Every structure is written in C-alpha cells, then in structure tokens.
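# kindly generate the corresponding structure for this input.
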Amino acid sequence: MNKEILPQGDYIRQLLVKSNISNSNINLLLREKGIFLGHNEKNNSVPLLMKSIISPNDYESLYETQKSKEESIKYRTSSIKCSKDFDFPEILTEKIDINQLIVERHTYKPNYQVIGEPTFYFEDVNTAVYDFKIVRENLLNDWTQNKTYHKGSITLKKNSEGDIQISVQQNSTSKETLEVNSIIINSLKENLFKKAIIKSANDIITVKFNHFDNTTRIQFFYSFTENFNIFTEYVSTTDIEISLDESVDSHPDVKIFLDEIDNLRINGKDLQNHILLNKIQYYPKLIFGSIKLKYKVNYEGIPAFATINLGFPDYVKSKDENSDFQITIDLLFNKQHKNSSNENKIRKKLLEIFEIKKVESYEKLKKI
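Numbering: from 1, shown residues only. Sure thing, here's the model as predicted:
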C-alpha cells in the first residue's frame with residue numbers, strides 16, 4: 001500500500017467495497033466519528049466515508065482488517081521415511097537460489113519474487129526452519145493492492161523414536177507461497193536422494209484425496225469430532241462441502257432428494273446430527289471436500305475457542321483428486337488472554353495434536 005497518500009473519495013471506495021471489509025467494520029468506524037445510521041448496508045455507509053477524509057490510522061486499521069482475512073495461514077503436512085540417520089546441519093548445507101528456481105518454473109516472467117536470500121536455520125539439532133517473504137505485483141489491482149507481501153515457511157522435524165522420519169510442515173498464505181514451498185521441498189527431496197537418506201518416492205507420505213474411498217474419507221473427517229485429546233473438546237460441525245458421486249446409486253431412502261442435486265454446501269450449527277450426514281449407508285454417494293469443526297480449547301490455563309477447517313482445497317476448486325490435505329485454524333480469545341504469545345502457543349499445540357490424530361486416522365482408513 002502507498003502510505004504517502006491520504007485516502008479519500010474513490011481511493012476509499014476501492015477498499016470498502018471489498019467483501020472482506022464487512023458492514024460492521026465500516027459502521028464501527030462511523031460510530032467512532034459520531035455517525036449513526038438506521039440502515040447498515042454499504043450503499044448507505046460507503047458514500048458517507050467517500051465524502052469525508054479519514055485519518056491514516058483509521059485507513060490503516062481497515063486495510064489491515066482485510067489483509068488479515070486474506071493472510072490466514074494454511075497448513076499442509078507430510079512425512080518422509082529415512083533409511084539412515086543424519087543431522088540437519090550436515091544435509092542442508094547447499095544454498096538454494098530460490099528466485100532462479102521460480103523463474104525456471106514459469107514460461108513467462110512470474111509476478112512475484114522472494115525477498116532477500118533466505119536459508120534454513122536450526123531451532124535445535126532436530127528442527128530446521130525455512131522462513132521467507134514474497135512481494136507480489138498485480139498492476140490490474142487497485143492502488144491498495146498492486147504490490148502485496150505474503151509470508152510462508154517450511155518446518156522440518158526429525159523423529160528418531162523407532163524408524164527415523166522427517167515431519168514436514170508447510171505454512172502458506174497465498175498460492176505463490178505454496179508454490180515456493182513446493183520448490184523448496186523438491187530441492188530437499190533431491191538432496192535426500194543424493195545423500196541416500198531416502199531411496200524412493202514411496203518414502204514420502206502425504207495425505208491425499210484419492211487415498212480414500214467416499215466412505216473412508218467421511219470417516220477420516222469425522223474422526224476429528226472425537227474428543228481425542230485432553231486439551232480440546234469438540235463442540236459442533238458447522239460447514240461441509242459435499243459433491244455427489246455419479247458412479248454410485250443413491251441409497252433408496254434419499255434417492256429422490258439426492259438425484260435432483262449436483263453438489264451441496266451445508267451450513268448449520270450442529271450438522272453432526274443431520275440425518276443425511278450421520279448414517280453410514282448414505283456415505284458411498286457423498287464426496288466430502290472440506291469440513292469445519294468447532295472446539296473448546298484449554299492449554300496451560302489459556303482458554304480459547306478454535307474453528308478448524310479441514311479439507312482438500314484443490315479438489316473443492318478444480319476436482320483434482322491428487323489434492324493434499326490442508327488445515328487452517330481460527331482462534332478466538334477473551335480480552336484477558338488475547339495476545340500474540342498465547343495465540344502462537346495455542347496454534348502450535350493444536351497443530352501438534354491434529355498432526356498426531358491425522359496420522360493415526362490415515363493409517364486406519366487409507367486404501368491399501
């Protein structure tokens with residue numbers, strides 16, 4: 001964002017009309033200025049702000065509101081089985097020319113680049129982290145977003161209990177950071193092959209959409225509705241993205257209903273009790289793409305509510321059956337406990353908990 005411009009008029013409109021700036025965001029700003037509207041729709045509130053000059057701090061607050069919604073972190077995890085022991089500082093010695101690899105991946109000049117020359121650093125002998133930040137240009141966007149910044153990272157953890165494995169956690173905030181993660185992981189795989197630490201692609205374990213049939217995929221999602229950890233308490237299922245398998249006949253009980261539908265996005269408060277979704281005889285016809293679950297959390301005396309989105313986003317978007325499993329976490333704290341330290345602590349613990357549960361459920365339910 002160009003911070004040298006004091007925004008007014010159409011500069012304000014370009015930001016306020018975006019869907020991720022809500023009516024309540026705008027009307028909160030108006031109330032702080034002593035302006036109260038009988039109708040809270042944007043058709044009423046946006047013209048008022050366009051005719052006024054808001055302070056740089058007010059504008060920055062609105063800008064960060066929409067930015068924070070766009071920047072929700074998506075997590076993807078995988079595991080690598082290793083044939084021999086190693087130390088991260090010994091195998092992660094080669095510099096990765098990430099921007100050159102990005103250029104080579106694209107036919108045309110990419111619209112983003114990684115800032116600086118990031119490298120792996122080591123939190124301890126068993127943990128290596130690659131943090132990076134990209135700058136992305138889009139000249140077709142409005143002035144507030146023709147240049148945006150996005151963070152991503154990869155965390156590698158070596159587990160030497162029993163068979164030696166590397167747990168790989170990808171954090172991404174945009175499709176470009178996900179692409180950078182993919183490039184880094186491919187470089188890591190080549191390195192591991194070169195040093196004979198892995199022997200084949202079968203040593204790399206990821207949870208993918210096509211690793212399940214329709215029934216076991218639903219059971220995999222539903223396994224997270226159990227109270228599987230002392231720090232979390234399952235509350236409800238609120239959203240499910242469903243499509244229907246045309247190759248499977250509907251169960252007679254729901255045939256008339258389902259034969260008229262191509263796909264469903266079901267929203268509600270307690271979907272786990274919905275008759276269509278809790279009878280296993282209906283499962284073969286239903287293709288679950290994603291699910292949203294709510295939990296109460298209490299860890300180290302810090303209470304919170306967590307909304308966990310689980311799914312296969314590339315299948316939902318483009319029916320890619322090779323889609324990787326992804327998780328996003330939204331946390332809600334009371335005022336007493338709301339700070340970045342608590343949020344990072346709870347988020348890190350939830351990722352650890354859900355990774356253990358993911359692997360356990362995957363091993364039970366995956367297709368052989």
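# can you give me the helices for the stretch 51-200 of the chain?
Ranges of helices in the stretch 51-200 of the chain, per DSSP state H, counting those that start in this stretch, are 56-70, 88-91, 98-105, 175-194.
# can you put those in JSON lines and add mean pLDDT, distance to residue 365 and mean neighbour count?
Every C-beta, even on glycine, is put in place using the N, C-alpha and C of the backbone. Below are the helices of the stretch 51-200 of the chain laid out as JSON lines (pLDDT from 0 to 100; distance: least, CB to CB, whole Å; neighbours: other CB atoms under 10 Å):
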{"stretch": "helix 56-70", "mean pLDDT": "65", "distance to residue 365": "33", "mean neighbour count": "15"}
{"stretch": "helix 88-91", "mean pLDDT": "88", "distance to residue 365": "32", "mean neighbour count": "14"}
{"stretch": "helix 98-105", "mean pLDDT": "94", "distance to residue 365": "34", "mean neighbour count": "14"}
{"stretch": "helix 175-194", "mean pLDDT": "92", "distance to residue 365": "25", "mean neighbour count": "18"}
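# including distance to residue 111, could those go into TSV?
Output for the helices of the stretch 51-200 of the chain, formatted as TSV (distance: least, CB to CB, whole Å):
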stretch	distance to residue 111
helix 56-70	16
helix 88-91	33
helix 98-105	11
helix 175-194	8
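# out of these, flag the one nearest residue 275.
For the helices of the stretch 51-200 of the chain, the distance to residue 275 is smallest for helix 56-70, at 33.8 Å, taking CB to CB.
# tell me how far residue 239 lies from residue 209.
Remark: distance between residue 239 and residue 209 (CB to CB, to the nearest Å) = 18 Å.
# which one of those two is surrounded by more residues?
Relative neighbour count places residue 209 above the other of residue 239 and residue 209, with 22 against 17, counting by other CB atoms under 10 Å.
# separation between that one and residue 154?
Using CB to CB, we find residue 209 at a distance of 22 Å from residue 154.
# phi, psi of residue 329?
Backbone torsions for residue 329, taken as degrees, to the nearest 10, come to phi -130, psi 120.
# didn't it look like it was pressed against residue 347?
Yes - using CB atoms under 8 Å, residue 329 makes contact with residue 347 at a distance of 5.7 Å.
# higher neighbour count, the two?
Ranked by neighbour count (other CB under 10 Å), residue 329 and residue 347 place residue 329 first, with 20 against 17.
# state the distance from the more buried one to residue 128.
23 Å.
# cool, residue 211 as well?
From residue 211 across to residue 128, the span is 27 Å (CB to CB).
# who has more neighbours, the two?
Taking other CB under 10 Å, residue 211 and residue 128 do not tie; residue 128 has more neighbours (23 against 18).
# wait, isn't the more buried one in contact with residue 88?
Yes - contact criterion CB under 8 Å: residue 128 and residue 88 qualify, at 4.3 Å.
# so what sits against both of those two?
Shared contacts of residue 128 and residue 88 (CB atoms under 8 Å, 6 or more residues apart in numbering): 120, 122, 156.
# can you report how many residues lie near the closest residue to residue 148 other than its chain neighbours?
In space, and not counting its chain neighbours, residue 148 is closest to residue 136: 5.2 Å by CB to CB, 6 or more residues apart in numbering. The number of residues packed near residue 136 is 19, by other CB under 10 Å.
# residue 136: what's it in contact with?
By CB under 8 Å, 6+ apart, residue 136 lies in contact with 111-112, 147-150, 174, 176.
# closest to residue 182 among those?
Using CB to CB, the contacts of residue 136 come closest to residue 182 at residue 176, 10.6 Å.
# check the gap between the closest residue to the closest one other than its chain neighbours and residue 132 for me.
Excluding its sequence neighbours, the residue lying closest to residue 176 (CB to CB, 6+ apart) is residue 112, at 4.7 Å. Distance, residue 112 to residue 132, using CB to CB: 11 Å.
# which one's more surrounded, the two?
residue 112 (23 against 20).
# in the stretch 251-368 of the chain, where is pLDDT below threshold?
Residue ranges of the stretch 251-368 of the chain with pLDDT under 70: 256-257, 259-273, 368.
# strands of that one, start to end?
263-267, 286-299, 302-311, 326-332 (DSSP state E, counting those that start in this stretch).
# quick one: closest of those strands to residue 180.
The closest of those to residue 180 is strand 326-332. By CB to CB, the value is 16.0 Å.
# so the closest one versus strand 286-299, what angle?
Angle between the axes of strand 326-332 and strand 286-299 is 40 degrees (criterion: axes from the mean of the first three to the mean of the last three CA atoms, to 10 degrees).
# tell me what strand 326-332 is packed against?
Here strand 326-332 touches strand 74-81, strand 302-311, helix 340-365, going by 3 or more CB pairs under 8 Å, 6 or more residues apart in numbering; DSSP states H and E.
# before we move on, back to that, the residue nearest to residue 176 bridge partners, please.
For residue 112, the beta-bridge partners are residue 136 (DSSP bridges).
# which residues sit in contact with it?
So residue 112 contacts 102, 134-137, 176 (CB under 8 Å, 6+ apart).
# how close does the residue most central in space within the chain get to residue 127?
In the chain, the residue lying closest to the centroid (CA atoms, centre = their mean) is residue 74, at 2.0 Å. For residue 74, the distance to residue 127 equals 21 Å [CB to CB].
# again, but for residue 297
In terms of CB to CB, residue 297 sits 24 Å off from residue 127.
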